[in-house]
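> dropping the sequence and predicted coords here.
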Amino acid sequence: MSIPIFIITGVSGSGKTTIGQMLATHLACPFADADAFHPPENISKMSVGIALTDADRAGWLLALNQYIRQQKNGLVLACSALKQTYRDQLGQGVDEDSLHWIHLYGEMDLVRRRMVERKVHFMPESLLVSQFNTWEKPDSGLLIPISQTPEEILRQIISTMALPTQWGVVGLGVMGLNLARNFARRGFALSLYNRRLAGTEEKVAEKAVAQYPELQEAQAFESLPDFVQSLARPRKILLMVNAGTAVDQVFEALIPHLTLGDIVMDGGNSHYEDTQRRQAEAARHGLFFLGVGVSGGESGALNGPAIMCGGDAQAYAQVATGLETIAAKDTGGQACAALIGPGGAGHFVKMAHNGIEYAEMQLLAEVYSALRWDLGYTPDEVADTLAHWAEDGLQSYLLEITIAILRHREGSDWLLDKISDKAAHKGTGSWASIAASELGAPLTMMTEALFARFVAALRDNRQAMAAAYVTPHHQVVLDQQDLKQAYQLARWINHHQGFQFIQLASEQHDWQVNLSELARIWTNGCIIRSELMQQAREYLAESLDLLLHPGLRNAVTTFWPSLQRTVSALSYSSRAYPCLMSALAALNGSTTANAAAHLIQAQRDYFGAHLYERVDDPSGKKYHTHWI
Ligand code: 6PG
């Protein structure tokens, strides 16, 4: 088979070097810039604005032609090749089938603007007119207008020339489909695969390509081997299938078709230990497996999610451009995507994110409950109150959607009142609580939030209990400002617990997670993005313990009495407020220098001779008492 040679032509400033380098990187083949082949006398002439003659170019074209013919591993050459005769000379003696011409063209004004922006180049703008006058429109090869972005141009080259694609997506459910559309909108050439299940999932990829204009150049597959073959190596394959056995099944089916160095990414909410097991399996085959936490729901996937990657740094370096391009951007324009750490770090922090999310949602449900049921507000009034809070520094995505939900009507009724209170969950919250127990991390708020969902799910039992008991009735006297400050403080405690949980895991697994960087990634795109997260990012850069940062001292000191009064007032309610109450317990507990746990230690020693340490012996020596 002949070695492919791609020659990208165009006047100076048309972007041929940029496109050429991108194409060479994509094809993993060498790149050369014809400018580097000019003899010094040509460069001197051009530098002072003198156009080259055919005679000046003769030696240069000869040298380039010789260079092309020496290539053994393919080549992408960026060369102005303005005239047909120059192009003929470049291609002399080169197998016609292996020679691919890509011609970039555009308006002189556009090229001029680009040249003015270009910092380091010997070619002055004044030579542009001569370049345009010399340029002869080619009658063969691929002609591409340069008004598009470099990524779009590359995608057009890949799809028109049927070159291997850049990214593969497996599984076109809502998240997979939206991530694929996001990739395509940002100029990536894609291969899409969805399994075929007769009657339920047929031609899913093909239909997506037909339905969404941005996917029209994507290649659709129902055959996994063909899908794999269509991808450039090392292959970058994003799995968007249900967490659990489906990931194992797809990964196992992929392995025989993959080659050394290929990278498989799992973008679902997988358990981090499963990810680590799959990484070990991938390594046995010379492959890479990255656990990619993706947050932001459907709209995040389409418009820019937060992406938390875990695994091999070398593999991440190869997928970083893609993931960081599709990710949300922070206030400084930096991508909300990064390598969080090795192994299962990415999926672990995604699990912790979801745990924080559970408690944030539960806190909002409790605030709503207090305002609506204990203070008698209508949903619209609750929404108005929360909207004021949002304007007053409490802005968050979850608050924003809560306000929208509270105002949503179905006819003249609030839709919310027609929604069953049986809370569901998909598992990440339970995993977080289990992992916290294993680590010894006091993750009380997210665990209370999880258990509140369990209580809510037992609707029949609640109905029976409600019929069996009449709760003692008291008037709840609660100040709205206290509730607001209690909510603010409870959120800080929740975030404190979440980051502490991650820090403990990071130390245990030696993941070296940068908490501030993680908070930065969570400032946009994800479900728990908020103004608080912006502040957390700054505080965590200076203190791994959020609540010990001096910047929070004032707020904690001021809001603490509000949390006490709120919890006290709500203790007279017939409704449950586990997260607010847990926040106060957590704060009281973690600020108690001498806890009642000495009694626990004494009890353990009494019935089980489990030994205890003494406060009057700092050596750590263990003691036992014969209690009877
Ligand atoms: C996100 C969400 C997302 C999903 C949750 C829902 O970050 O985009 O967390 O991952 O909505 O998994 O979880 P539950 O069904 O357990 O509430």
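Noted; the coordinates are in hand. Every value quoted in this text rests on a predicted model; they were computed, and no experiment measured them. Numbering: from 1, shown residues only.
> give me the neighbour count for Ala602.
13 (other CB atoms under 10 Å). Glycine gets a C-beta too; all of them are placed from N, C-alpha and C.
> isn't there a strand covering it?
No: under DSSP: H, G, I helix; E, B strand; the rest coil, Ala602 falls outside any strand and is assigned helix.
> point out the residues in the stretch 151-300 of the chain that sit beside the ligand.
Neighbours of the ligand within the stretch 151-300 of the chain, by CB under 6 Å from any ligand atom: 269, 295-297.
> let's go with 5 Å and repeat that
295, 297 (CB under 5 Å from any ligand atom).
> quick check: the residue of the stretch 151-300 of the chain nearest the ligand.
Ser295 (3.1 Å; CB to the nearest ligand atom).
> any idea how far Asn354 is from the closest residue to that residue other than its chain neighbours?
Computed as CB to CB, 6 or more residues apart in numbering, the closest residue to Ser295 that is not its neighbour in sequence is Cys526, at 3.6 Å. As for Cys526, its distance to Asn354 is 10 Å (criterion: CB to CB, to the nearest Å).
> with neighbour numbers in mind, choose between the two.
Neighbour count, other CB under 10 Å: between Cys526 and Asn354, Cys526 has more, with 28 against 24.
> my guess is the more buried one contacts Gly296, does it?
Yes: between Cys526 and Gly296 there is a contact under CB atoms under 8 Å: 5.5 Å.
> give the residues shared as contacts by the two.
Counting by CB atoms under 8 Å, 6 or more residues apart in numbering, the shared contacts of Cys526 and Gly296 are 305-306, 328.
> which among those gets closest to Thr444?
Using CB to CB, Ala306 is the member of the shared contacts of Cys526 and Gly296 that lies nearest Thr444, at 25.1 Å.
> got a list of what that closest one touches?
Ala306 neighbours (CB under 8 Å, 6+ apart): 294-296, 300, 327-328, 336-337, 521-522, 524-526, 529.
> returning to what we had before: any idea how far the residue nearest to Ser295 lies from Val319?
Where Val319 is concerned, Cys526 sits at a distance of 19 Å (CB to CB).
> now swap in Glu125 and tell me
From Glu125 to Val319 the distance is 38 Å (CB to CB).
> who has more neighbours out of these two?
Set side by side, Glu125 and Val319 show more neighbours around Val319, with 23 against 17, by other CB under 10 Å.
> if you drop the residues flanking it in sequence, what lies closest to that one?
Nearest to Val319 is Lys236, by CB to CB, 6+ apart, at 5.3 Å.
> tell me what the least confident helix or strand in the chain by mean pLDDT is packed against?
Least confident helix or strand, the chain: helix 108-117 with a mean of 82, by mean pLDDT, DSSP states H and E. Other elements packing on helix 108-117 under the criterion 3 or more CB pairs under 8 Å, 6 or more residues apart in numbering; DSSP states H and E are helix 128-134.
> and the next helix or strand past the helix it packs on?
Next along the chain after helix 128-134, taking DSSP states H and E as the criterion, comes strand 142-145.
> so which elements touch that following strand?
Using 3+ CB pairs under 8 Å, 6+ apart: strand 142-145 touches strand 99-105, helix 150-160.
> swap the cut-off to 10 Å and go again
strand 5-9, strand 99-105, helix 150-160 (3 or more CB pairs under 10 Å, 6 or more residues apart in numbering; DSSP states H and E).
> near the ligand, which residues of this structure show up?
Going by CB under 5 Å from any ligand atom, the residues of the chain near the ligand are 295, 297, 354, 425-426, 527.
> and the residues you listed, which are buried?
Neighbour-count burial (16 or more other CB atoms under 10 Å) is assigned, among the residues of the chain next to the ligand, to 295, 297, 354, 527.
> so which of those residues sit within strands?
When these are checked against strands (DSSP state E), the matches are Ser295.
> go ahead and confirm Val209 touches Ala218.
Yes: contact criterion CB atoms under 10 Å: Val209 and Ala218 qualify, at 5.3 Å.
> so what sits against both of those two?
Common contacts of Val209 and Ala218 (CB atoms under 10 Å, 6 or more residues apart in numbering): 180, 184, 190, 192.
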